[in-house]
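In: Quick one, fold the following:
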Amino acid sequence: MENDSIPVPYATVSLLQASDSAYVAGVIGGEDGSFSFDTNSSGKIVKVSCIGYKTVFLPAAAHMTIHLLPSEQALQGVTVTASRPSFKMEQGQFVTHIQGTVFSQLGLATDVLQQLPLIDTDGIKVLGRGVPLVYINNKRMRNWNELTRIPSNMIKDVKIDMNPGAKYGSSVRAVLYITTIKPVGEGLGGSLILSENVSSCWNTTGWLDLNYRRRGLDFFVNTSANTFSNSHYKRQDVYDFQYKGQDIHADYSGDGYNSAKTGFVSVGVNDQLTDRQSLGATYTFSRVFSNSADQNYRNHVWQNGAFSEFDTRSTQSSQNGNHNVSAYYENKFSDKFSLNVDATYAHNRANGRQIVVENRMDNRSMLVPATKSESDMVAQRTVFTSTVANGKLDYGLATSWTRFQQQYCIENEDYSGLLKTNDNESKQSAAHVFANYSRSFGRWFTQLGLKYEYIDP
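Out: Prediction:
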């Protein structure tokens with residue numbers, strides 16, 4: 001609650017281990033600010049965060065009253081026309097209204113998502129559910145970069161479904177639905193943004209977005225480019241494992257420098273044929289023109305009581321290109337029956353080369369591996385929605401086919417280690433048939449689903 005004893009609704013509350021801050025569990029506070037965990041509080045920390053307030057860390061206890069202080073930094077951008085976002089549970093989904101609130105002033109969709117209740121600030125993850133599927137205007141998002149191209153002031157609302165039901169595969173534990181505001185006006189428009197920032201290195205980014213709208217037709221072109229050089233980073237890791245029946249403990253520490261040049265272009269069209277019918281298609285090409293890294297590490301290994309120490313230097317470079325074609329069709333035949341179809345084809349090709357030099361007290365070894373990979377993916381999802389007995393029935397079919405091929409080649413002939421040159425290829429087909437019925441009974445929401453999944457290994 002605030003200092004004036006006003007409850008703060010829907011704050012994100014996480015339970016962490018006091019020893020290493022490891023995540024234990026997470027919940028969302030109720031409308032009255034209350035929360036609870038079904039676990040012992042001993043040796044744990046409670047973390048409470050909410051937009052507009054400073055994040056609080058406190059030792060966990062059986063009964064707690066937590067006071068949140070306003071965040072001056074968060075409030076500096078608030079104007080009289082903005083308000084706190086509204087949260088509500090609607091048909092089993094946690095809905096956050098974004099338009100006209102302080103969330104709409106945060107910058108990009110990624111900034112909005114990281115401030116939402118239920119979302120882990122360490123990447124786009126749903127608390128207790130992991131990485132979610134993301135749908136933008138009912139179309140499956142295939143590339144995380146799409147979130148960086150949606151301004152926060154163009155988002156209408158965000159829905160989080162933590163119980164997706166039979167509509168999705170068994171591996172899907174959460175789904176995000178982002179609805180954007182329909183652009184107004186007609187004609188040609190666009191924006192050009194150039195950004196230069198420095199942290200561990202100079203980073204230059206540029207975006208060019210063009211859009212032409214007339215009646216129900218919307219044609220768009222989005223491009224971006226990014227370059228940075230000599231970004232410095234440090235890393236250290238510890239490993240414990242068994243190899244051929246022997247216990248091995250290993251650790252390493254060091255630093256490196258990374259440079260990259262990337263580009264992206266997307267061309268598409270959306271056509272609102274009628275008030276009830278729309279279709280569209282998008283072609284996207286993204287490329288990593290160059291990505292290089294130079295790393296130096298000090299290694300320590302304890303194997304079966306014996307200790308060894310050596311230095312490793314790694315120099316690597318890589319490139320990749322990705323083609324993606326997606327299309328969708330929506331038709332609301334009546335108030336009680338609708339159809340949604342989306343399909344995607346993606347092709348990726350990548351190559352890389354690495355030079356690893358290992359210096360020990362008594363010898364020096366070198367490994368020069370080169371990799372080439374190529375993959376294809378075709379997927380489609382067809383969903384029918386009908387109104388049945390004051391409830392909603394979703395039923396349909398999802399199919400996919402994937403192929404992945406990788407070549408691994410040891411280029412230096414003097415290498416005598418365990419790694420070998422190889423060429424692998426894998427293919428997989430999958431299908432998912434489902435039916436999901438949901439209905440609200442006053443404040444209660446229920447759903448019942450049935451699905452069949454087939455995977456050809």
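
In: ok, the spatially closest residue to Ala109 that is not a sequence neighbour - how many residues close by?
Out: Computed as C-beta to C-beta, 6 or more residues apart in numbering, the closest residue to Ala109 that is not its neighbour in sequence is Ile150, at 3.9 Å. The C-beta positions use only the backbone N, C-alpha and C, and glycine is treated the same way. Neighbour count of Ile150, defined by other C-beta atoms under 10 Å: 16.

In: Quick check: the gap between Ile150 and Leu210.
Out: 16 Å (C-beta to C-beta, to the nearest Å).

In: Could you do Glu425 as well?
Out: As judged by C-beta to C-beta, Glu425 and Leu210 stand 40 Å apart.

In: more neighbours, the two?
Out: A side-by-side neighbour count of Glu425 and Leu210, using other C-beta under 10 Å, places Leu210 first with 15 against 10.

In: Okay, and the residue lying closest to that one once chain neighbours are set aside sits in which element?
Out: In this structure, Leu210 finds its nearest non-sequential neighbour in Gly190, 4.1 Å apart by C-beta to C-beta, 6+ apart. Following DSSP states H and E, one finds Gly190 within strand 187-198.

In: Quick one: mean pLDDT over that strand.
Out: Strand 187-198 shows a mean pLDDT of 87 in the predicted model.

In: Parallel or antiparallel, which strands does it pair with?
Out: According to DSSP bridges, strand 187-198 forms sheet pairs with strand 202-214 (antiparallel).

In: just how off-centre is the partner strand within its chain?
Out: Computed by C-alpha atoms, centre = their mean, to the nearest Å, the chain-centroid distance of strand 202-214 equals 22 Å.

In: Which SSE is immediately downstream of it?
Out: Downstream of strand 202-214 (by DSSP H and E), the next one is strand 217-243.

In: what's the angle from that next one to strand 202-214?
Out: Per axes from the mean of the first three to the mean of the last three C-alpha atoms, to 10 degrees, the angle that strand 217-243 makes with strand 202-214 is 140 degrees.

In: now strand 217-243, how far from the centre of its chain.
Out: For strand 217-243, the distance to the chain centre is 13 Å (C-alpha atoms, centre = their mean).

In: Parallel or antiparallel, which strands does that strand pair with?
Out: strand 202-214 (antiparallel), strand 246-272 (antiparallel).

In: For Arg214, give the beta-bridge partners.
Out: Beta-bridge partners of Arg214, as defined by DSSP bridges: Leu217.

In: List the contacts of the residue nearest to Ala109.
Out: Ile150 makes contact with Leu108, Ala109, Ile136, Ile178, Thr180, according to C-beta atoms under 8 Å, 6 or more residues apart in numbering.

In: hmm, 7 Å instead?
Out: Neighbour list for Ile150: Leu108, Ala109, Thr180 [criterion: C-beta atoms under 7 Å, 6 or more residues apart in numbering].

In: Scan these and report the most crowded one.
Out: Busiest of these [other C-beta under 10 Å] is Ala109, holding 24 neighbours.

In: Gly216 versus the closest residue in space to Arg213 that isn't next to it in sequence, what's the distance?
Out: Nearest in space to Arg213, with sequence neighbours left out and distances taken as C-beta to C-beta, 6+ apart, is Glu186 at 5.0 Å. Relative to Gly216, Glu186 is positioned 10 Å away (C-beta to C-beta).

In: Can you tell me the closest non-neighbouring residue to the residue nearest to the spatial centre of the chain?
Out: Compute the mean C-alpha point of the chain, and by C-alpha atoms, centre = their mean the closest residue is Ile124, 4.6 Å away. Excluding the flanking residues, the one nearest Ile124 by C-beta to C-beta, 6+ apart is Leu113, at 5.5 Å.

In: Could you check how many residues crowd around the one you found?
Out: So Leu113, with other C-beta under 10 Å, has 27 neighbours.

In: same thing with Met361?
Out: Neighbour tally, Met361, other C-beta under 10 Å: 7.

In: how about low-confidence regions in the stretch 1-150 of the chain?
Out: Scanning the stretch 1-150 of the chain for pLDDT under 70 picks out 1-5, 51-52, 71-85, 121-123.

In: follow-up on the earlier one: so who does the residue nearest to Leu210 touch?
Out: Asp209, Leu210, Asn211.

In: Tell me how far it lies from Trp207.
Out: 10 Å.

In: Repeat that for Ala398.
Out: Ala398 is 33 Å from Trp207, by C-beta to C-beta.

In: more crowded one of those two?
Out: Ala398 (21 against 17).

In: Report the beta-bridge partners for that one.
Out: Arg381, His432.

In: possible to save the contacts of Ile150 as JSON lines with secondary structure?
Out: Shown next, in JSON lines, are the contacts of Ile150 (DSSP: H, G, I helix; E, B strand; the rest coil):
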{"residue": "Leu108", "secondary structure": "strand"}
{"residue": "Ala109", "secondary structure": "helix"}
{"residue": "Thr180", "secondary structure": "strand"}
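
In: Mind putting those residues into JSON lines with distance to Thr387?
Out: JSON lines is the format used below for the contacts of Ile150 (distance: C-beta to C-beta, whole Å):
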{"residue": "Leu108", "distance to Thr387": "36"}
{"residue": "Ala109", "distance to Thr387": "31"}
{"residue": "Thr180", "distance to Thr387": "26"}
